[in-house]
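Trainee: Everything below, folded, please.
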Amino acid sequence: MKRNFLLSALALLLCLGAQAQSAKRVLDKTAQMVKSAGGMLVDYTYLVNNSDHGRGTLRVEGERFSNAMGSVQSLWYDGKTLWTLSDGEVYVSNPSAEELAGIHPYSFLSLYKQNYEVKESKNSCKQFYEIVLKPNKKNTSGLSIVVRIRRSDYQPLSVCLLKDGGNVAVVVQRFLKHQQFPSGTFTFNASAHPGVEVVDMR
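Mentor: From the prediction side, this is the model:
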């Protein structure tokens, strides 16, 4: 549960960007920037429930992505197959569109258009927008989202997910666009992880 919460936060970080019209305009521009960024590399820190913390690196290129969260978990997705490395095991699956929606960075590009009330926070300042998304009556998820976006270029700076008293905060440390990644970046390399048990769930 905690890991899924963190993965959702990371996905949102790349895709969300801001009172109704002005907030939506900021979100639209952020989504447009992300879509046109090409290969992206994002280094981040995360904090779960104000106690568990760590660092990670996310790489995205089109439908493909990899996400390394230190010793907690690593993911590779090549557009069809998903490898999830955790606790000495790697789970191999071909996720459905619904399953992928919870972890793929691009899957949240339209989230703010569906079942959320969106407004700009009073905490916005000259450096960044702070946008708050709260579930409307049709949304039973209970998930609220706070996103900060840099004013100068619409780059996401941080995202915080709040639900049932729990929270996940992700802060961007480095955001690079138009990156070229070597072959193999988005697939699991067994030789780099000797002794790992493979669990094929396809």
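
Trainee: name the helices or strands packed onto the longest helix anywhere in the chain?
Mentor: The single longest helix within the chain, with elements called by DSSP state H, is helix 20-35. Contact here means 3 or more C-beta pairs under 8 Å, 6 or more residues apart in numbering; DSSP states H and E; on that basis helix 20-35 packs against helix 2-15, strand 116-120, strand 128-135. Any C-beta I mention is one placed from the backbone N, CA and C, and that applies to glycine too.

Trainee: Pull out the buried residues from it.
Mentor: Judged by neighbour count using 16 or more other C-beta atoms under 10 Å, the buried positions of helix 20-35 are A23, K24, V26, L27, D28, T30, A31, M33, V34.

Trainee: Can you give the strand pairings for the helix or strand that that helix is followed by, parallel or anti for each?
Mentor: With elements assigned by DSSP states H and E, the helix or strand that comes after helix 20-35 is strand 40-48. If you go by DSSP bridges, strand 40-48 pairs up with strand 52-61 (antiparallel), strand 166-176 (antiparallel).

Trainee: Turn these into CSV, including mean neighbour count and distance to E120.
Mentor: Written out in CSV, the entries for those read as follows (neighbours: other C-beta atoms under 10 Å; distance: least, C-beta to C-beta, whole Å):
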stretch, mean neighbour count, distance to E120
strand 52-61, 17, 26
strand 166-176, 17, 19
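
Trainee: so which of these gets nearest V146?
Mentor: Closest of these to V146 is strand 166-176, at 8.9 Å (criterion: C-beta to C-beta).

Trainee: closest to S158 among the buried residues of helix 20-35?
Mentor: Nearest to S158 among the buried residues of helix 20-35 is T30, at 12.8 Å by C-beta to C-beta.

Trainee: isn't that closest one right next to Y154, touching?
Mentor: Yes - the criterion here is C-beta atoms under 8 Å, and T30 meets it with Y154 at 4.6 Å.
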